[in-house]
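Participant: Need a 3D model of the following:
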Amino acid sequence: MTETTAAGPAIDPTVGLTAAEVAERVAKGLTNDVPKAPTRTVGQIIRGNVITPINLVMAILAGLVIAAGSPKNALFGLVIIYNSVIGVYQELRSKSTLDKLSVVSAPRAHAVRDGQVVELKVHELVQDDVVELRAGAQVVADGVVLVHDNLEIDESLLTGEADPVVKQTGDDVLSGSAVVAGTGRMMITKVGAANYAAQLAEEARRFTLVNSPLRNDVNRIVKWVGYLMIPIGLLLASSQFWRRDASWQEAIISTVAGLVGMVPEGLVLLTSVAFFVGVQRLGKHRCLVQELPAIEVLARVDVLCADKTGTITEGALQVAEVQPVGEGNPEVNAALTALAHLDPDPNATSQALKAHFAGPSDWQVTGRVPFSSARKWSAMSFQEHGNWVFGAPENVLTAQYEGAIREQVETQAALGRRVLVLASTPAVFTDGEAELPAVQPVALVLLEDIVRADAPDTLRYFAEQNVTVKVISGDNNVTVGAVAHRAGLEGWQSNVNATTLPADDTPEFAQAVADNTVFGRVTPHQKRAMVRALQAQGHTVAMTGDGVNDVLALKDADCGIAMASGSEATRGVAQLVLLDSNFSALPNVVAEGRRVINNIERVASLFLAKTVYSIALSLLTGVVALAYPLQPIHLTILSWLTIGTPAFFLALEPNDQRVQEGFLRRVLGRAIPAGLVIAAATMGVFAIVQVSDDVSVEEAKGIAVLVAGSVALMNLYRTAQPLNHLRRIVVFTMIALFAAAFLTPWTREVFELPITEWWAYAIGAVFIVASWPLLLLGSAVAERVHERRALASPA
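Facilitator: Numbering: from 1, shown residues only. The predicted structure is shown next:
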């Protein structure tokens with residue numbers, strides 16, 4: 001039979017397109033090439049991690065030192081390689097995993113061409129192709145139904161609506177939906193970017209990096225230092241080259257020494273390492289992190305917007321209870337077992353019955369009326385076991401749907417349960433369509449969504465962490481609220497039908513989003529508006545989702561979390577992908593993010609103290625025209641033993657304390673006093689020991705390194721408080737290694753630490769001892785200022 005529709009030409013659903021017609025459409029470009037998900041290309045990933053401001057600065061400084069003939073003083077340039085490799089490796093690894101996942105989960109289509117059914121890849125389809133629709137198959141392009149047999153489509157990934165939609169001849173079907181029951185054939189009316197799912201995803205096409213407060217603070221510090229480097233570099237270079245009459249090589253090395261110390265390159269590297277280690281740990285929990293800072297953002301989240309299906313529930317039904325009606329019937333369980341196990345075309349309800357009632361059934365089917373969402377009931381006749389009807393009470397009972405039964409049904413429906421009735425009848429059914437005969441109800445079957453086993457614990461965890469969870473779904477709000485109640489969500493009573501909400505851009509809409517917990521019948525654009533409304537109120541928002549209807553909200557959320565079982569579009573825009581679609585992985589992400597943020601805050605003051613004392617030394621050197629007290633190679637050993645190596649171990653310690661605002665203020669409050677003390681001690685001892693001609697400039701620099709390193713190690717000891725077993729080992733190991741650098745001949749030669757007069761070491765010891773109370777005083781003042789600001793700030 002040939003079908004003619006308003007959407008296109010006459011197409012015979014049994015023949016489909018001919019080879020010539022396919023070739024004609026390919027030539028016109030009418031193929032189903034769907035735009036790829038918005039992930040970064042390999043080139044963009046490499047450029048984004050290699051061409052960074054801090055890498056550029058370090059490369060220029062290293063190049064100047066090498067040009068001055070001192071390559072060993074350019075060892076600090078290795079941080080460029082470390083920073084780039086870590087970032088590139090992690091993003092390429094994530095991209096590879098997602099690409100493989102996309103290939104494995106890519107749907108295929110069964111098209112009718114020249115009267116034969118052939119399996120094709122999605123991009124091989126053309127406009128007007130006839131495609132078979134089978135139970136379990138995904139609809140891969142927009143189209144119109146040509147023929148059908150009890151065809152039901154699940155559009156939940158597009159609309160969030162859990163109930164399947166019955167499709168008749170001429171009805172539209174949308175890409176991204178799935179066939180849940182029946183069969184049929186459709187004609188493709190839209191291809192490629194014109195498809196509904198592709199258009200929805202197109203609004204989230206542009207790839208954007210996650211907003212990371214920690215990375216922003218670090219970049220802000222780097223920017224400030226960058227602004228200072230230009231005038232300080234000119235001052236330092238002029239003092240060395242003109243006023244001290246040094247050679248251009250010596251002037252460059254001294255200038256670079258001052259500028260390199262100002263750049264907190266180790267902090268950037270350590271932040272990347274800490275994120276990277278966290279990502280590897282989360283991989284063990286089957287959580288794929290697409291961007292390193294994403295784990296930090298989830299640790300800061302105070303509102304989590306979760307979809308019902310796939311997040312709180314498994315997306316399947318279960319039998320909650322079977323309640324007899326009247327005197328009941330002794331064959332109820334046997335009848336339900338037979339209906340479930342002998343149905344050749346099981347839907348979600350049949351699957352729930354099959355899981356609840358163990359089979360097989362030995363009843364013999366003599367006639368069957370298949371389930372249809374239009375009539376909302378099915379029926380079977382059995383040899384020696386009578387005739388049974390199963391379906392929605394209002395459709396099966398008709399005139400009998402009143403009184404106690406109606407009250408019982410409405411009570412259960414208010415609890416979010418789906419109620420079906422089993423009825424017996426003397427009428428015998430034959431295969432095919434049939435009118436509903438008179439029936440006698442014998443039992444009510446109560447179905448409910450299966451709540452994920454881990455959902456209650458996960459929701460309880462977020463409640464304990466003061467994270468507000470809001471459930472946003474396209475399903476009925478009463479049903480969603482009931483599911484949220486069973487999952488243990490606080491505030492489940494505050495459920496709203498989103499169709500009754502004010503316009504998205506009004507204050508009333510924002511207030512409704514803030515005041516309520518559960519939202520049903522939510523459209524994709526409303527989900528996005530809800531996320532934006534919460535962000536406008538100062539919240540950090542995470543969004544979980546699995547369907548194309550979640551893409552817009554995932555894109556705009558501070559942290560988007562996708563289920564691997566969902567659509568490719570959601571995986572493409574999300575920062576986190578739960579590979580097992582396991583909601584319980586999120587507390588692990590929060591814990592890793594807290595470990596990173598809190599530990600980076602602990603050690604950041606070490607790096608910034610170096611920045612502070614390098615700026616102070618550069619200014620002092622430039623103003624009084626002294627030689628710079630440190631060489632670049634000296635800064636290498638100071639960075640390794642007093643900052644970088646110990647910070648690496650401290651940054652990987654467990655730390656699940658809640659994240660507090662004011663990271664930059666607290667870090668600078670500790671770093672500035674420590675940096676000034678180190679600078680004063682270093683420049684003071686450098687100037688004093690040169691009073692005697694017995695101590696050369698190179699030897700004075702060696703004493704300056706001893707004092708700077710010793711005071712920096714005391715600052716490390718103070719920062720590591722309270723000492724545990726690991727911190728004690730780290731601190732005293734660094735002290736031992738620093739001492740060994742002065743005591744071992746080859747290290748003295750490599751790091752340019754010549755032996756000098758004994759009294760010079762004694763003066764250095766005096767400066768070291770005097771620095772300890774100054775460090776404590778600076779720390780106490782910083783803590784007092786922080787406490788006063790905390791008390792003065794509004795709660």
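
Participant: all contacts plus neighbour counts: C-alpha atoms, from now on.
Facilitator: Will do.

Participant: which ones are touching the closest residue to Glu752 other than its chain neighbours?
Facilitator: Closest residue to Glu752 apart from its sequence neighbours, by Cα to Cα, 6 or more residues apart in numbering: Gly702 at 7.2 Å. Applying Cα atoms under 8 Å, 6 or more residues apart in numbering, we find Gly702 in contact with Glu752, Leu753, Pro754, Ile755.

Participant: a strand runs through Gly702, doesn't it?
Facilitator: No. Gly702 is assigned helix when assessed by DSSP: H, G, I helix; E, B strand; the rest coil, not a strand.

Participant: contact partners of stretch 341-358?
Facilitator: So stretch 341-358 is in contact with 180-182, 316-319, 333, 336-337, 339-340, 359-361, 365, 447, going by Cα under 8 Å, 6+ apart.

Participant: want to throw the contacts of Gly702 into JSON lines with secondary structure, distance to Asn724 and pLDDT?
Facilitator: Output for the contacts of Gly702, formatted as JSON lines (DSSP: H, G, I helix; E, B strand; the rest coil; distance: Cα to Cα, whole Å; pLDDT from 0 to 100):
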{"residue": "Glu752", "secondary structure": "coil", "distance to Asn724": "34", "pLDDT": "87"}
{"residue": "Leu753", "secondary structure": "coil", "distance to Asn724": "33", "pLDDT": "91"}
{"residue": "Pro754", "secondary structure": "coil", "distance to Asn724": "36", "pLDDT": "92"}
{"residue": "Ile755", "secondary structure": "coil", "distance to Asn724": "36", "pLDDT": "92"}
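
Participant: Averaged pLDDT, the helix or strand where Leu339 lies. What do you get?
Facilitator: Per DSSP states H and E, Leu339 falls inside helix 332-341. Averaging pLDDT along helix 332-341 gives 92.

Participant: Could you identify the helix or strand that succeeds it?
Facilitator: Downstream of helix 332-341, the next assigned helix or strand under DSSP H and E is helix 348-356.

Participant: didn't Leu446 look like it was pressed against Pro324?
Facilitator: No. Leu446 lies out of contact with Pro324 (Cα atoms under 8 Å); the separation is 11.1 Å.

Participant: Between those two, tell me which one has more neighbours.
Facilitator: Shown here are Leu446 and Pro324; by other Cα atoms under 10 Å, Leu446 has more neighbours (20 against 17).

Participant: looking at the protein, which helix or strand does the model trust least?
Facilitator: None of the helices or strands of the chain scores lower by mean pLDDT, DSSP states H and E than strand 3-5, at a mean of 42.

Participant: residue contacts, Ala782?
Facilitator: Gly669, Arg670, Pro673.

Participant: ok, 6 Å please
Facilitator: Residues in contact with Ala782 (Cα atoms under 6 Å, 6 or more residues apart in numbering) are Gly669.

Participant: Just the element for it, please.
Facilitator: Using DSSP H and E, the element containing Ala782 is helix 758-792.

Participant: Next, the buried residues of that helix.
Facilitator: Under the neighbour-count criterion of 16 or more other Cα atoms under 10 Å, helix 758-792 has 760-761, 763-765, 767-768, 771-772, 774-775, 778-779, 782, 786 buried.

Participant: out of these, who's nearest Ala708?
Facilitator: The nearest member of those to Ala708, counting by Cα to Cα, is Ile768 at 8.4 Å.

Participant: picking up where we left off before, the helix holding Leu339 vs helix 348-356, what angle?
Facilitator: 120 degrees (axes from the mean of the first three to the mean of the last three Cα atoms, to 10 degrees).

Participant: Give me the mean pLDDT for stretch 463-478.
Facilitator: The model assigns stretch 463-478 a mean pLDDT of 86.

Participant: pull the CA atoms of it into CSV?
Facilitator: This file holds the C-alpha atoms of stretch 463-478, laid out as CSV (Å, rounded to 0.1, in the frame of the first residue of the first chain):
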residue,chain,number,x,y,z
ALA,A,463,21.6,17.3,52.9
GLU,A,464,24.3,16.9,55.6
GLN,A,465,26.6,19.0,53.4
ASN,A,466,24.0,21.8,53.2
VAL,A,467,23.5,21.2,49.5
THR,A,468,19.9,21.8,48.4
VAL,A,469,18.6,19.1,46.0
LYS,A,470,15.8,20.1,43.6
VAL,A,471,14.2,17.4,41.4
ILE,A,472,13.2,18.7,38.0
SER,A,473,11.3,16.3,35.7
GLY,A,474,9.0,16.3,32.7
ASP,A,475,6.8,13.7,34.6
ASN,A,476,3.7,14.4,36.7
ASN,A,477,4.7,16.5,39.7
VAL,A,478,2.7,14.4,42.2
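
Participant: in that stretch, what counts as buried?
Facilitator: Quick answer for stretch 463-478 (16+ other Cα under 10 Å): Val467, Thr468, Val469, Lys470, Val471, Ile472, Ser473, Gly474, Asp475, Asn476, Asn477, Val478.

Participant: and those residues, which two are the farthest apart?
Facilitator: Largest separation among the buried residues of stretch 463-478 by Cα to Cα: Val467 and Asn476, giving 24.5 Å.

Participant: elements contacting the longest helix seen in the chain?
Facilitator: Counting residues, the longest helix found in the chain (DSSP state H) is helix 586-624. Judged by 3 or more Cα pairs under 6 Å, 6 or more residues apart in numbering; DSSP states H and E, the packing partners of helix 586-624 are helix 248-262, helix 294-300, helix 645-651, helix 663-689.
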